[in-house]
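Peer 1: Sequence plus predicted model, see below.
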Amino acid sequence: MNFKSLLAGTALALGLAGAAAAQDPVKAGFIFVGPVGDGGWTFEHNEARLAVEEHFGDKVETVYQENVPEGADAERAMTQMALGGADIIFTTSFGYMDPTINVAAKFPDVKFEHATGFKRADNVSTYSARFYEGRAVQGTIAGMMTKTNKVGYIGSYPIPEVIRGINSAYVHAKKVNPDIEFSVIWAYTWFDPAKEADAAKALIEQGADVVLQHTDSTAPHAAAQEAGDVIAFGQASDMAEYGPMPRVSSIIDNWAPYYIDRVQAVMDGTWESMDTWDGIGPGMVKIGEITDAVPEEVKAAALEMRDAIAAGDYHPFTGPINKQDGSAWLAEGEVADDGTLAGMNFYVEGLTGEIPQ
Amino acid sequence: MDLSSINWLLLLASLMVAATPILLAGIGELVVERSGVLNLGVEGMMITGAISGFAISVNTGSVTLGFVSAALAGAALSLVFGLLTQFLLSNQVATGLALTLFGLGLSSLMGQGYVGIKGLNVPDLHLPLLSDIPILGPIFFQHDAMVYISILIVAGVWAMLKYTRAGLILRAVGENHDAAHALGYKVIRIRLMAIAFGGACAGLGGAYLSLVRVPQWTEGMTAGAGWIALALVVFASWKPWRVLIGAYLFGGLTVLQLNLQAAGMKIPVEYLAMSPYLITILVLVIMSSGRGRAALNAPAELGRSFHATA
């Protein structure tokens, strides 16, 4: 074999390989913070992953890794996924923010999608849902239904997303019930059923008859059920198996349309770094069925709230609202801007306790 | 901060419930360690017990069967450890760690079909007369049966170790296995029984989480309780009643931390979360200062493999 034919052969082989690569399915990777069976946050992301598979069939291949701790270990998981040939990687928890940025810098050809964060790069998009819109509906129901005027709130980590939810729920509960009080417990975990159950019990023992949660398991519902006259709300997922009591409604995250969109963009070569923050209107946040345990007029008020938000007629953070220390935040009729909301690190007036730093 | 908003009666009552899983796992591990074996696989056995108990109780509708099968599953898993360390003489620390990792994986595999299913309700016992005593009644006498069974197990272990010949032999094996062997005791067999007992107790502790305390199945639900149980045994300096005190102390800290938060007290939760381990270290330091290793009360052969040479 002379040198020329060797070159030609190599070129031919390369060409073939190129053609084969073009027919390869797009590989979409998912990094999950909990198990896919948590019944909440990760469950819904996994449902969306399955929806992507269903939508594209053979044209897409998905891989996922569950129970990835936030922090340094996440970088290892993402790197592995990128080396494994993933074209787009969804990192689905706030704590993956810096690891995502770090790994993305090493793999400029791989697209990254980080949920609930605020750091972007040329190949890193961010996306989140306006959960606080759903919290407004929950706050309304909670404020009207509580008999003890005490609402317990299980927070995960003191990050803007969670604080926003607490503020939104409080503002709307206060609106319908001026005597309302909130107790917040920080669990410092997204997913630890035993701890969440204990937190719910502690809140109930201190007189709360509504338990709101920003953690991912259904354990608080089980605790509420055991206690009896206590209501709770599905978080991230419908958690309908605990209805009609204690689960009276829920916030459902609906990621499937977004994921399908973004994978399509990778296929078409039109993917661009951007920030998406959708709420009830575009359907990224859904309000789960309000059960019969909720009185008619409460249900009507809640649905009215939901529809007003969906139509864009009402913003959950509309002034006048003061900060916790009494200083003015929003004037009469003023609406919170997305920048402030994205970095929210203060309680609104009336909430007691301090946000841990 | 408003401490008056904490209902101290309910706090003390929920303390007993919160402490039960680590109490069960801890008393089992105590027996294992008194026989001279260090089994770091408590977490793995607990979680295997949790899913086994949950699966069986959901399928049969019987909580009792759930607990029984959890104990069997924990014991079965611990015998894997026993086989490896006692017959094949593998390193106990490494094998125990492997057992924890194996148990976590195995349980999540077994639990695939049980995620999101609601557990059964376990009725509280209302002991006649006793539960009607004001103040003391609600704290001590209105729990589910497992709370009392766990205390009975502690009492049984204490009596066994202190007053019976079997306890004496178990301690002899743990303090000097060569001497025990020379006296004609079957060191390996005795240790295997201790390991199986420890596994059964850990399984019960795990099942208490999935059947009573949470009650449902989720992956990784023991969340480190097995490690606290291990720390607990050292904290208790290998004495049964101190395991009880330690378990209530550690369990109490978890419950107290949440209650303090709900009452609006500004307290960094990390400090309370690490306090069981800090207390354990502190106890170790205090006990080991001055009077030497004997004061620690650690079984002399702890973690050492036995191989009969003659």
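Peer 2: That came through, no problem. Since we're looking at a predicted model, the values are computed, not measured. Numbering: from 1, shown residues only, chains lettered A, B, ... in the order given.
Peer 1: isn't residue A:140 right up against residue A:170?
Peer 2: No - assessed by CB atoms under 8 Å, residue A:140 is found out of contact with residue A:170, at 11.4 Å. Quick note: C-beta positions are derived from backbone N, CA and C, even for glycine.
Peer 1: Give me the more crowded residue out of those two.
Peer 2: Comparing residue A:140 with residue A:170 by other CB atoms under 10 Å in any protein chain shown, the one with more neighbours is residue A:170, at 26 against 23.
Peer 1: How is that one assigned, secondary-structure-wise?
Peer 2: helix (DSSP: H, G, I helix; E, B strand; the rest coil).
Peer 1: what residues are up against it?
Peer 2: Residue A:170 is in contact with A:139, A:180, A:182, A:347, A:348, A:350, A:351, counting by CB atoms under 8 Å, 6 or more residues apart in numbering or on different chains.
Peer 1: Reformat those residues as TSV; add secondary structure, distance to residue A:246 and pLDDT.
Peer 2: Formatted as TSV, the contacts of residue A:170 follow (DSSP: H, G, I helix; E, B strand; the rest coil; distance: CB to CB, whole Å; pLDDT from 0 to 100):
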residue	secondary structure	distance to residue A:246	pLDDT
A:139	helix	17	94
A:180	coil	19	94
A:182	strand	18	93
A:347	coil	26	94
A:348	strand	27	94
A:350	coil	25	91
A:351	coil	24	91
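Peer 1: Show me which positions of stretch A:190-200 end up buried.
Peer 2: Residues of stretch A:190-200 classed as buried: A:190, A:191, A:192, A:193, A:194, A:195, A:196, A:197, A:198, A:199, A:200 (neighbour count, 16 or more other CB atoms under 10 Å in any protein chain shown).
Peer 1: average pLDDT across it?
Peer 2: Mean per-residue pLDDT for stretch A:190-200: 85.
Peer 1: now do stretch A:325-341
Peer 2: Across stretch A:325-341, pLDDT averages out at 90.
Peer 1: can you check stretch B:121-141 too?
Peer 2: Mean pLDDT, computed over stretch B:121-141, is 72.
Peer 1: That stretch and chain A, any residue contact?
Peer 2: Yes - using CB under 8 Å from any CB of the partner chain, stretch B:121-141 reaches chain A at residue B:121.
Peer 1: Give me the contacts around that stretch.
Peer 2: Contacts to stretch B:121-141, defined as CB under 8 Å, 6+ apart, come from residues A:226, B:9-10, B:12-13, B:16, B:63, B:142-146, B:148, B:211-212, B:215.
Peer 1: Quick check: end-to-end length of that stretch?
Peer 2: 18 Å (CA to CA, to the nearest Å).
Peer 1: now that stretch: how far from the chain's centre is it?
Peer 2: On the basis of CA atoms, centre = their mean, to the nearest Å, stretch B:121-141 is displaced by 24 Å from the centre of the chain it belongs to.
Peer 1: Which positions in it come out as buried?
Peer 2: For stretch B:121-141, a neighbour-count test (16+ other CB under 10 Å) marks B:122, B:125, B:131, B:137, B:138, B:139, B:140, B:141 as buried.
Peer 1: ok, now how distant is the third one from residue A:351?
Peer 2: When distances are taken as CB to CB, to the nearest Å, residue B:131 and residue A:351 turn out to be 39 Å apart.
Peer 1: For chain B, what's its nearest residue on chain A.
Peer 2: Nearest residue of chain A to chain B (CB to the nearest CB) works out as residue A:37 at 3.2 Å.
Peer 1: contacting residues for the residue nearest to that residue when sequence neighbours are not counted?
Peer 2: The shortest distance from residue A:37 to any non-neighbouring residue, by CB to CB, 6 or more residues apart in numbering or on different chains, is to residue B:115 (3.2 Å). Listed by CB under 8 Å, 6+ apart, the contact set of residue B:115 reads A:35, A:37, A:38, A:39, B:217, B:218, B:219.
Peer 1: Looking at the last one now. What's its pLDDT?
Peer 2: In other words, residue B:219. Listed pLDDT for residue B:219 reads 79.
Peer 1: Any idea how many residues pack against residue B:226?
Peer 2: Count around residue B:226 with other CB under 10 Å applied: 28.
Peer 1: Where does it sit, in terms of helix or strand?
Peer 2: Residue B:226 belongs to helix B:225-235 when assigned by DSSP states H and E.
Peer 1: Now do the buried residues in the following helix or strand past that helix.
Peer 2: Under the assignment DSSP H and E, the closest C-terminal helix or strand after helix B:225-235 is helix B:240-262. By neighbour count on 16+ other CB under 10 Å, the buried set for helix B:240-262 is B:240, B:242-244, B:246-262.
Peer 1: Can you tell me what sits against the next helix or strand after helix B:240-262?
Peer 2: Counting by DSSP H and E, the next helix or strand C-terminal to helix B:240-262 is helix B:269-288. With contacts defined as CB under 8 Å, 6+ apart, helix B:269-288 is touched by A:186, A:188, A:356, B:228, B:231-232, B:234-235, B:237, B:249-250, B:253-254, B:256-257, B:261, B:295-297.
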